[in-house]
Structure formats: C-alpha cells, structure tokens
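Student: Structure of the sequence below:
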Amino acid sequence: MFKNSIEGLDKIFKTDIGKPKVILITGPPGSMKTSFVYTLMSRYLDATGEFGLYTTLEETVDSHLTNMKSLGVKLTRNMQISDFTDLRDIDAVVDDEGTDYLQFIEKMIVHFKKKKKDQFSIFALDSLGAIYSLMEHEEDMRKKMFYFFKMLRENNLYSFVIMERIPGEPSQLLGNEGFLVDGIILLGLDRSRGKLTRYLQVEKMRASQHSMEKHAIEVGKGGIRVLGPIFE
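Tutor: Model (predicted):
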C-alpha cells in the first residue's frame, strides 16, 4: 500500500515498506520535501482510513494548508496538522533551558496513540533542523535522537523526518541521523542537462528491495508523481 501512495513510486520500490520505519527525507531548499511527505501521507491515509499526525515548526498550520492547496493536493480529513499551538490540552515540557520539543512531540504521539489506537499509523516532523535550532544548547543530541527514534518505532509508526541537505552532499556525511534512521530518501535538483529537473532517489531502506537510481518527479495539480529513471 505504501509504495502505491504516490503515482509511479512503485517504479522504485519492488517490495512494500513495512512498519515501523523512521525515514529521513532530505534535500536542498526548493526540492519539494514538504510537498512529497504531505502528498504521500494524504493519499495513504485516504486509501487506508487510518490516522496521521503532521507536526511543523517551519510554518503555521494555515500557511502549510495554503501551500498544499496551491499544489492541488487533496487535504485529507484523517490527518492532524500541528504547529504546537493547537493542542492546548498537552502540556509542554519546560526546564531551565527552555522547552524540550522532543518530549513535547512524544506527548502528542502518546496522546493520539491513546485516542486513535492502531488507527494512528503515520507521523511526520518538519523539520529536524528547526528542532536543532530550538534546542541548540543541548549537548547530547545524538542520544536524544536515538531514544526519540526508538520511541517512534515502539509506537509502530511510519515516521518521516524532514531535514535540509547541502546540494551534492553524500549520505555518509549526513551525520548521526543517517546512521539512526531506517531509510533515506533524497529529493534533489539536477541541472546537468541545461534545464532544472527534480528527482527522487532512495539511498537506504531497510528490509525493502528498491532501485537506487535517480527518478525524475513532476510537481503539478494533485501533488507529486514519479516519472521514471534519469539516465546519466
């Protein structure tokens, strides 16, 4: 079901992706990371009737929805979008250093897991860079991220974590995150042929057979679709 959530994604994945998975969605600015994740989640949730949570520190809920509508992406009723201001019944974790946003997100996940039970199947964090900037005084972020990703897996979720990436940066240089996650999907921009082409490349996905070639993607009404491999 997962690999059929975006048109053409089954050209990349030979086998489906099972839960739980923590998947890093990386790429430079303008590579449509947010649009890809929202399109995939929306279509998956509409097809399955399950529930998802999309958390954003990059923009407000209204701004996010306006951007998705402008792309023609169908807005599913099965997803809660949070910018950390709408769930007032969940108390933030605050200490002398400020708010621990990772614990705050965990509280939201526990809340919806209790409320929706097994229907809660998919989660997105937009973005990891925003979390790091808000918790810039944390000294042991790798340990915190290890236990945060462990928590996501224990809740049996598909989890998408969006992270900015320097153009051309190899996956080995992604840092701690590249080792801790189950999958890495790169959304890139190819200018080698005199025109700009957006592409998707799966660099890593545990327990799944997939192509590692770059595949061109098209952004139009209805969101994103995968066209086919880009031949060098």
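
Student: Going along the chain, name the strands of the protein.
Tutor: All strands of the chain, identified by DSSP state E, fall at 21-27, 51-56, 79-82, 94-95, 98-99, 120-126, 158-164, 183-190, 197-205, 215-220, 223-229.

Student: quick one: M145 and L180 touch, right?
Tutor: Yes. Distance between M145 and L180: 6.0 Å, which falls inside the contact criterion (Cβ atoms under 8 Å). From N, CA and C alone the C-beta is placed, and that goes for glycine too.

Student: More neighbours: which of the two?
Tutor: Using other Cβ atoms under 10 Å, the more surrounded residue of M145 and L180 is M145, with 22 against 17.

Student: Quick one: residues contacting the nearest residue to I17 once chain neighbours are set aside.
Tutor: Counting by Cβ to Cβ, 6 or more residues apart in numbering, F2 is the residue found nearest to I17 once chain neighbours are left out, at 4.6 Å. Each residue near F2 by Cβ atoms under 8 Å, 6 or more residues apart in numbering is listed here: 13, 16-17, 44, 158.

Student: Kindly report the same for F51.
Tutor: Neighbouring residues of F51 by Cβ under 8 Å, 6+ apart: 45, 78-80, 112, 116, 119-122.

Student: now swap in V202 and tell me
Tutor: Going by Cβ under 8 Å, 6+ apart, V202 touches 12-13, 183-186, 210-212.

Student: out of those, who's nearest T39?
Tutor: Nearest to T39 among these, counting by Cβ to Cβ, is I185 at 12.9 Å.

Student: State the mean pLDDT of stretch 103-121.
Tutor: What stretch 103-121 shows for mean pLDDT is 93.

Student: Which positions within it qualify as buried?
Tutor: Neighbour counts over stretch 103-121 (16 or more other Cβ atoms under 10 Å) mark 104-109, 111-113, 116, 120-121 as buried.
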